[in-house]
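1. With the input below, show me the fold.
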Amino acid sequence: MAVMIVTGGAGFIGANYVRYALANSDARVVIIDKLTYAGNLASLADVIDDPRVAFIQADIADRAAMEDVFRAHAPGMVLNFAAESHVDRSIDNPQPFIETNIVGAFVLLEVSRQYLKDKSDAERSAFRFLHVSTDEVYGSLGPSGLFSETTPYAPNSPYAASKAGADHLVRAYHETYALPALVTNCSNNYGPFQFPEKLIPLMALNALEGKPLPIYGDGGNIRDWLYVEDHCSGIHLALTRGRTGEKYNIGGGNERTNLQIVDRLCEVLEELHPPSDNPALVAQGKKHYSELKTFVPDRPGHDRRYAIDASKIRAELDWQPAFNFESGLRRTIEWYLSHSDWCADVLAGKYRRERLGLKTEGSNG
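-> Now for the predicted structure:
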């Protein structure tokens, strides 16, 4: 039975991918997660006892720990989801992003390289290292155009720069050491188990509690939205059928401004949990969730538009998203409405949905 290591498997995309892999392969899944604020065992509660699953709490930047994992489990595949991923947090404190996203990726690559030295040609050829990255490495688009796999990198935040650095390391290890590696770059994910610092879960939970819905700047920043299960299917295709040394962009083809996202989210909430049934809104005399919208100062270096050209993965691997934005958003909001215990658990003592990412050069604290 094949063994896959999934780093960051207690985080948002990683936890969804673990479920996808268990349902769509016969592999044993070894989950590695540091369990920082955004990684939580509650996100794995229904799969952690599966006999095909092993969980190890460890830091991917800890080389000795990673060497122990490789010796104990002899993986045939490594999928690196582990990352500090919130742009606002990278503005407040870039250091963890360098340590996890760059140093951690380097350690995994180096341990993989050393691990393969004693393997047969067949084992080495069958091995796969897949690094999960982001469209933010490409920088900001104008009003037209799409990011392709050949778009030059131009990261504009410490987070994006750290992911770009890791992408380059993966490419270098393939070119220099012939490590069988691939990179995927995705657009904005949304769906179950996403930590509530990101736009959609933050707005949904704030709305349900009658709290302000903070919209950066004029709300006109555009992102291409991808339902997390569609992302997982694309990653799995790249892992099992993709060409080593290649990179594949995975995007949903669902461009929306942040303001459009918030407006549509409010409309779906009106259907699923009417304001008249919400004591938090009734107490404020508000008849619509949209009355909670408030515009706040934009964050430094906020890229205006991202959009993915996913034609390569569609043509080469026959990938197709199963969800459009409307169906994906409804499923997401339904999930958060029915998983209030998970939300309370992951938020306990860690994050109060406060504003982050306001520091600028010369600020204190």
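
2. rest of the way, CA atoms for contacts and neighbours
-> Fine.

3. which stretches of this protein form strands?
-> Using DSSP state E, the strands of the chain run over residues 3-7, 28-33, 53-57, 77-80, 128-134, 181-186, 188-190, 213-216, 222-227, 247-250, 255-257, 293-296.

4. May I have the fifth one as CSV, with CA atoms only?
-> Presented in CSV, the C-alpha positions along strand 128-134 are these (Å, rounded to 0.1, in the frame of the first residue of the first chain):
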residue,chain,number,x,y,z
ARG,A,128,6.4,12.3,-6.1
PHE,A,129,6.9,15.6,-4.2
LEU,A,130,4.0,18.0,-4.7
HIS,A,131,4.2,21.5,-3.3
VAL,A,132,0.9,23.4,-3.0
SER,A,133,1.3,27.1,-3.7
THR,A,134,-0.8,30.2,-4.5
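
5. The chain should start at 372 in everything you say after this.
-> Fine by me, first position is 372 from now on; the one you just mentioned is strand 499-505.

6. So what's the residue count around residue 484?
-> 18 (other CA atoms under 10 Å).

7. Could you do residue 495 as well?
-> Other residues close to residue 495 by other CA under 10 Å number 18.

8. Can you spell out which helices and strands pack onto the lowest-mean-pLDDT helix or strand in the chain?
-> None of the helices or strands of the chain scores lower by mean pLDDT, DSSP states H and E than helix 458-463, at a mean of 87. Applying 3 or more CA pairs under 8 Å, 6 or more residues apart in numbering; DSSP states H and E, one finds that helix 458-463 contacts helix 529-548.

9. Contacts made by the helix it packs on with the rest, please.
-> 455-458, 461-462, 465, 468-469, 472-473, 476-477, 480, 484, 502, 504-505, 507-508, 524, 526, 550-554, 615-616 (CA atoms under 8 Å, 6 or more residues apart in numbering).

10. Any chance of TSV for the strands of the chain, columns distance to residue 649?
-> Putting the strands of the chain into TSV (distance: least, CA to CA, whole Å) gives the following:
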stretch	distance to residue 649
strand 374-378	39
strand 399-404	37
strand 424-428	39
strand 448-451	41
strand 499-505	37
strand 552-557	35
strand 559-561	24
strand 584-587	16
strand 593-598	27
strand 618-621	37
strand 626-628	27
strand 664-667	17
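
11. can you list those in TSV and add mean pLDDT, distance to residue 702 and mean neighbour count?
-> Putting the strands of the chain into TSV (pLDDT from 0 to 100; distance: least, CA to CA, whole Å; neighbours: other CA atoms under 10 Å) gives the following:
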stretch	mean pLDDT	distance to residue 702	mean neighbour count
strand 374-378	98	25	24
strand 399-404	98	26	24
strand 424-428	98	26	16
strand 448-451	98	26	24
strand 499-505	98	23	24
strand 552-557	98	20	26
strand 559-561	96	10	23
strand 584-587	96	20	20
strand 593-598	96	10	24
strand 618-621	98	20	27
strand 626-628	97	18	19
strand 664-667	96	22	15
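
12. so what pLDDT did the residue of the chain positioned farthest from its centre get?
-> If you look at how far each residue of the chain sits from its centre, by CA atoms, centre = their mean, the farthest one is residue 656, at 36.8 Å. The per-residue pLDDT reported for residue 656 equals 96.

13. got it, and residue 721?
-> Checking the pLDDT column for residue 721, the value is 54.

14. quick one: which of the strands of the chain is nearest residue 417?
-> strand 424-428 (11.1 Å; CA to CA).

15. Now do that closest one against strand 399-404, angle only.
-> 20 degrees (axes from the mean of the first three to the mean of the last three CA atoms, to 10 degrees).

16. Quick one: residues in contact with strand 424-428.
-> Applying CA under 8 Å, 6+ apart, the contact partners of strand 424-428 are 399, 400, 401, 402, 403, 404, 405, 406, 418, 419.

17. can you tell me which two in these are farthest apart?
-> Distances among those were taken as CA to CA; the most separated pair is 399 and 406, at 20.7 Å.

18. Endpoint to endpoint, stretch 410-420 covers what distance?
-> For stretch 410-420, the first-to-last residue distance is 17 Å (CA to CA, to the nearest Å).

19. Buried residues in it, which are they?
-> 410, 411, 412, 413, 414, 415, 418, 419 (16 or more other CA atoms under 10 Å).

20. Give me the contact list for that stretch.
-> With CA under 8 Å, 6+ apart as the criterion, stretch 410-420 contacts 379-383, 386, 390, 404, 406, 424-426, 564, 713, 716-717.

21. ok, back up a step: which among the strands of the chain is found nearest to residue 573?
-> strand 584-587 (8.2 Å).

22. So which other helices or strands are in contact with that closest one?
-> When contacts are defined as 3+ CA pairs under 8 Å, 6+ apart, strand 584-587 sits against helix 570-579, strand 664-667.
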